[in-house]
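> got a predicted structure here, sequence first:
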Amino acid sequence: MTTEIPNRHEALVKELASQLTGQHLIAGQWQSETDVERFQSLDPVTNQTLALSFAEAGERQIDAAVTAAGAAFVQYRQTRPQARAAFLEAIATELENDSVLITAAAMLESGLPQARINGELGRTANQLRLFASELRETPSPLLIDKANPERTPLPKPELRLTQLPLGPVAVFGASNFPLAFSTAGGDSASALAAGCPVIVKGHPAHPATSELVARAIARATSRCDMPSAVFSLLQGRRPELSTGLVSHSGIQAVGFTGSFKVGRLLADCCAARAKPIPFYGELGSINPQLLLPGKLQAEAETLAGHQHQSMLMAQGQFCTSPGLILALADSESSQKALARYRSVLSQAITETEAAPMLTPGIAESFQTRSKQLLANPALELLAQGKAAAALHHTRPLLLETGAESLLASPDLMEEVFGPFALLVTVKSEAELQAVIQALDGQLTASVHATSSDLQGYPDVLEALQYKVGRLIFNQMPTGVEVCHAMNHGGPFPASTDLRSTSVGTQAMARFLRPLSLQNLPSELTNSFNQGQVSDQHPGARYF
Ligand code: NAP
């Protein structure tokens, strides 16, 4: 249901309507069919549909994009890492060249503020440049076992470990990062860096942004003389588009960020194919905040302030939002400190305005979950933000329970996507260990501790690391650094493959497979891009 509020960005919508095709980008061409079903973009702040419509992709478009990507793969996989690096840098430059319109569209379609969207555009461009520098520095081959013809009883052959790109990759744009995890985001950048063509299924929450970003990629593709089908964009909101894309035999891997329900469904589609393919899904996390007694007593008010700030970032719509607070209050003084923490955090939440969510669907699901939780007798209401001015805006929510109740209802440990946190009072180390054991896999957990806390609870820390992809000390989890040592993944359901990361340069490994070359003739070293066998080979490790 949409409202009749006048369009708050009429001029921008007119500008976008004059520039956008509302079509899919397939093999460098914006498709021109006019007889297809269409859907409209929406302003989540007003819940008003915008005069921007987009074609729904069907089987024909999926097949055209995947077939063209398969043909492009043969050429793209033979490009030198330096050429792919220049391509990624060109995409970053083209994004920046069109940054005014891209950021305006992303703000309009997501409701996110300018500072956040500007930061996200910068992060997207820097991410592309980081992969470019990684491509220039990664040795090929990675490892060399030198031959030993004299070895007895059998001579040792020379082996070189190298890597090959998998082939066309399907990438799902995320609703909560219209730039950094969408069309030219981390999944696309890492797949393109690896040598894989990409087909993006744009998120229907920001189709105009997706088209503008795809346009920038298309300009970079032609500037760098890359095959035109190295990148395609399919738009649509029918489930058949998602399932049809990941089930197409030409797709060789999938990158996804979104809900547990859809992630599981698509993972199952990938596993059920005649030839199963890897599915890299980032599905959900409640990012536990462990407050240890010494730290709680020393800094209760500061910790509460940090929690408030972190859980409200982007109205709680971050995969790293801190949704569970485990406060170990095992003495009278730590219970007093917890009371101070509770009071400061509750006060801050009570004074917080309601705000729009990224999509009406996300707002509705937050409101439904909030109602269910408020009706749960095992939970106590600590604080709720100010009443919402519009039905699709949401009020932050803070609830409390004890460890026993949490352990009795594991569903309380499911992600509530939005401005929510559950404070859990834990009375002993044994109880804390039981809660940690009961946790699902998480992207992150933070330990707030003094140095004597750290020495006092070694078993807790030892157990916690097995539940997470990133263990953080004395910092909040929101804000994911894009760098070499970042791991943004974790045991299921944080991600569907706990051995991989979707952020940082290691993300490229998801779209590569190992290949060993044994006894490679010297006249073929250049064809296989292997350099010369030499102890001076840059970066390679010799055995
Ligand atoms: P989503 O519902 O999982 O949608 C992700 C993608 O899958 C979209 O392109 C969506 O397009 C498609 N899709 C939706 N339903 C489908 C179905 N039944 N079959 C096949 N494809 C389907 O995620 P969302 O729209 O971003 O947000 C919904 C919920 O996802 C949130 O409330 C939150 O719980 C979770 N979420 C989590 C994270 C995280 O980082 N942990 C991030 C974003 C969202 P259509 O909807 O048009 O079909």
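Yes, it's here.
> list, one by one, the residues from the chain near the ligand.
Residues of the chain lying near the ligand by C-beta under 6 Å from any ligand atom: 172, 174-176, 201, 203-204, 237, 239, 242-243, 257-259, 262, 265, 282, 284, 319, 362, 365, 415, 417. Every residue, glycine included, has its C-beta placed from N, CA and C.
> of these, buried ones?
172, 174-176, 201, 203-204, 237, 242, 257-259, 262, 282, 284, 319, 362, 365, 415, 417 (16 or more other C-beta atoms under 10 Å).
> keep only those of those residues that are in strands.
172, 201, 257, 282 (DSSP state E).
> which one of those is nearest residue 37?
Nearest to residue 37 among those: residue 201, at 15.9 Å, using C-beta to C-beta.
> beta-bridge partners for the closest one, please?
Under DSSP bridges, the beta-bridge partners of residue 201 are residue 172, residue 234.
> quick one: it from residue 473, how far?
Distance from residue 201 to residue 473, counting by C-beta to C-beta, to the nearest Å: 37 Å.
> coming back round to it: distance to residue 356 and pLDDT added to the ones in strands among the buried ones among the residues of the chain next to the ligand, as CSV?
Listed next are these as CSV, based on distance: C-beta to C-beta, whole Å; pLDDT from 0 to 100:
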residue, distance to residue 356, pLDDT
172, 23, 98
201, 24, 98
257, 20, 96
282, 24, 96
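> turn these into a markdown table, columns for distance to residue 181.
As requested, those are arranged in a markdown table below (distance: C-beta to C-beta, whole Å):
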| residue | distance to residue 181 |
| --- | --- |
| 172 | 9 |
| 201 | 13 |
| 257 | 5 |
| 282 | 9 |
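> would you point out the most distant pair within the residues you listed?
Between any two of those, the greatest separation by C-beta to C-beta is 15.2 Å, found for 201 and 282.
> quick check: bridge partners of residue 38?
If you apply DSSP bridges, the partners that residue 38 bridges to are residue 55.
> any idea how this protein splits into domains?
21-146+160-283+497-508, 288-473 (the TED database).
> in its sheet, what does the helix or strand containing residue 382 sit against?
For residue 382, the host element (DSSP states H and E) is strand 380-384. According to DSSP bridges, strand 380-384 forms sheet pairs with strand 397-402 (antiparallel).
> quick one: mean pLDDT over the following helix or strand past the partner strand.
Sequence order places helix 403-408 as the next helix or strand after strand 397-402, per DSSP H and E. When pLDDT is averaged over helix 403-408, the result is 98.
> same question for the very next helix or strand once past helix 403-408, mean pLDDT?
Per DSSP H and E, helix 403-408 leads on to strand 420-426 as the next helix or strand towards the C-terminus. The average pLDDT within strand 420-426 is 98.
> contact partners of the helix or strand just after strand 420-426?
Once strand 420-426 ends, the next helix or strand along the chain (criterion: DSSP H and E) is helix 429-438. Under the criterion C-beta atoms under 8 Å, 6 or more residues apart in numbering, residues 290, 326, 328, 330, 403-404, 406-407, 410, 413, 424, 426, 457, 459-460, 463-464, 467 lie in contact with helix 429-438.
> go again with 7 Å.
326, 328, 403, 406-407, 410, 413, 426, 457, 459-460, 463-464, 467 (C-beta atoms under 7 Å, 6 or more residues apart in numbering).
> now rank those residues by neighbours and give me the top one.
Using other C-beta atoms under 10 Å as the neighbour criterion, residue 328 leads these with 28 neighbours.
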